[in-house]
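Chemist: quick one, what's the 3D model for this:
(one chain, ligands or ions: 2)
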Amino acid sequence: MTLRDDPFTILGVKEEASREEVKRAYRRLAMFWHPDRNPSPIAGSEFKRVHAAYELLCDPQRLAVWRQTLAAEATPGDPVAGTVGDDLVQALILTLEEAASGCHKNVELIDCVCCHHCAGSGRVQHDHLVPCPACSGCGRVSRPGGRTSRCDICAGRGYLRETACTDCTGSGWQQALRTLAVTVPPGLLDGERLRLTRQAPRPPGGEEAAAGDLYLEIRFAAHALFVLQGRDLHCQVPVSVFRRLAGGRVEVPTLTGSASLELSPWAQQPGEHRLPGCGYPGKRARAAGDLVVHLASIDPHVGPEDIELLEGLEDRLAADLDRRAPQLAAWELQMRARRQGASG
Ligand SMILES: [Zn+2]
Ligand SMILES: [Zn+2]
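Modeler: Ligands and ions are numbered 1, 2, ... in the order given. I've put the predicted structure just below:
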């Protein structure tokens, strides 16, 4: 058992968190790591870990057992010299913009530190005798079957000069929040990891040097406008059917602002336009991706004056249908054959 199994650390909640806070944290993480949504190779195991942590936090009895086991393994006052704590993989959620340009982030970790109250011994000396917490001072404890027997903790004396530290429940260590300032270099992709040597949460009893490595796995938050494929940014841009036919300038979004897409007139407009190099930035020798604009043609509402203009356009089209719209010409031909079939 290690701090990696700590349900509070896994769900990122404080020990005093309410049921509702725990539930919210669980839902968010379960959604994030769900293997159906998250393609990362660690998604399945992380999802299970989050679920197990949530189940543990929902069960006060199991949680109490877990705490006792952890405290027993911590061997108070006896730091495990030379051992190295577990490496930890933690998700770092970034927007596409943050990841593209690089950013600074604060990551919160929970370390195990020596208990201040008992200096890590797990025991507290009193200058006068205090009632034994196990038998409340009577020297006897009840056993199954309604019998009582001598209290082992105080050897039946009922009073003690030394008791377990209440601050750390005798473990000798406590949890402490640590904020780590992280610089994320520009151009990292979803699933890439940043390794922070010896920055994993410190295990119980561990000295600073005994901490494992912390891996921050980059995760992209869903973006309202862009979908990333490789380093190409795909984006849907609505244009009116008139603009699409007439051509001209269309303003399209980029990660840093906007760019201009020139649609040529007359030409049959394809649905997809590429702006080379305007996508997600490259890294080292890798070139930047393209911005791939998918035009969505919008039919606007038309008023009486528009209808007059459109009727004029329709007349002009009808006069030259074979050349300008062969599909419509073929359709007209079919309909004419039906009319003649019906009348003849
Ligand atoms: Zn203590
Ligand atoms: Zn006792």
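Chemist: what packs against the longest helix along the chain?
Modeler: In the chain, taking DSSP state H as the definition, the longest helix is helix 326-343. Contacts defined by 3 or more CB pairs under 8 Å, 6 or more residues apart in numbering; DSSP states H and E place helix 326-343 against helix 321-324. Glycine gets a C-beta too; all of them are placed from N, C-alpha and C.
Chemist: summarise which helices and strands the helix it packs on is packed against.
Modeler: With 3+ CB pairs under 8 Å, 6+ apart as the test, helix 321-324 has helix 326-343 packed against it.
Chemist: gap between the helix it packs on and the chain center?
Modeler: Between the centre of helix 326-343 and the centre of its chain there are 58 Å (CA atoms, centre = their mean, to the nearest Å).
Chemist: so which residues make contact with it?
Modeler: For helix 326-343, contacts defined as CB atoms under 8 Å, 6 or more residues apart in numbering pick out Leu317, Leu321, Asp322.
Chemist: correct me, but the first one touches Ala325?
Modeler: Yep, that's Leu317 we're talking about. Yes: between Leu317 and Ala325 there is a contact under CB atoms under 8 Å: 6.5 Å.
Chemist: re the thing from before, any chance of the contacts of helix 326-343 in JSON lines, plus pLDDT and distance to ligand 2?
Modeler: Formatted as JSON lines, those follow (pLDDT from 0 to 100; distance: CB to the ion, whole Å):
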{"residue": "Leu317", "pLDDT": "94", "distance to ligand 2": "100"}
{"residue": "Leu321", "pLDDT": "93", "distance to ligand 2": "102"}
{"residue": "Asp322", "pLDDT": "93", "distance to ligand 2": "105"}
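Chemist: ok, now which ones touch Cys103?
Modeler: Here Cys103 is in contact with Leu94, Thr183, Val184 (CB under 8 Å, 6+ apart).
Chemist: redo that, cut-off 7 Å
Modeler: For Cys103, the contacting residues are Leu94, Val184, by CB atoms under 7 Å, 6 or more residues apart in numbering.
Chemist: got the buried residues for stretch 45-59?
Modeler: Glu46, Phe47, Arg49, Val50, Ala53, Tyr54, Leu56, Leu57 (16 or more other CB atoms under 10 Å).
Chemist: on that earlier part again, turn the contacts of helix 326-343 into CSV, columns for neighbour count and distance to ligand 1.
Modeler: Below are the contacts of helix 326-343 laid out as CSV (neighbours: other CB atoms under 10 Å; distance: CB to the ion, whole Å):
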residue, neighbour count, distance to ligand 1
Leu317, 12, 87
Leu321, 16, 90
Asp322, 11, 92
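Chemist: including distance to Leu11, could those residues go into CSV?
Modeler: As requested, the contacts of helix 326-343 are arranged in CSV below (distance: CB to CB, whole Å):
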residue, distance to Leu11
Leu317, 64
Leu321, 66
Asp322, 69
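Chemist: tell me the one among those nearest to His34.
Modeler: Leu317 (51.6 Å; CB to CB).
Chemist: the closest residue to the closest one other than its chain neighbours: how many residues sit nearby?
Modeler: Leaving aside its chain neighbours, Leu317 sits nearest to Arg324 (5.9 Å; criterion: CB to CB, 6 or more residues apart in numbering). Neighbourhood size, Arg324 [other CB atoms under 10 Å]: 12.
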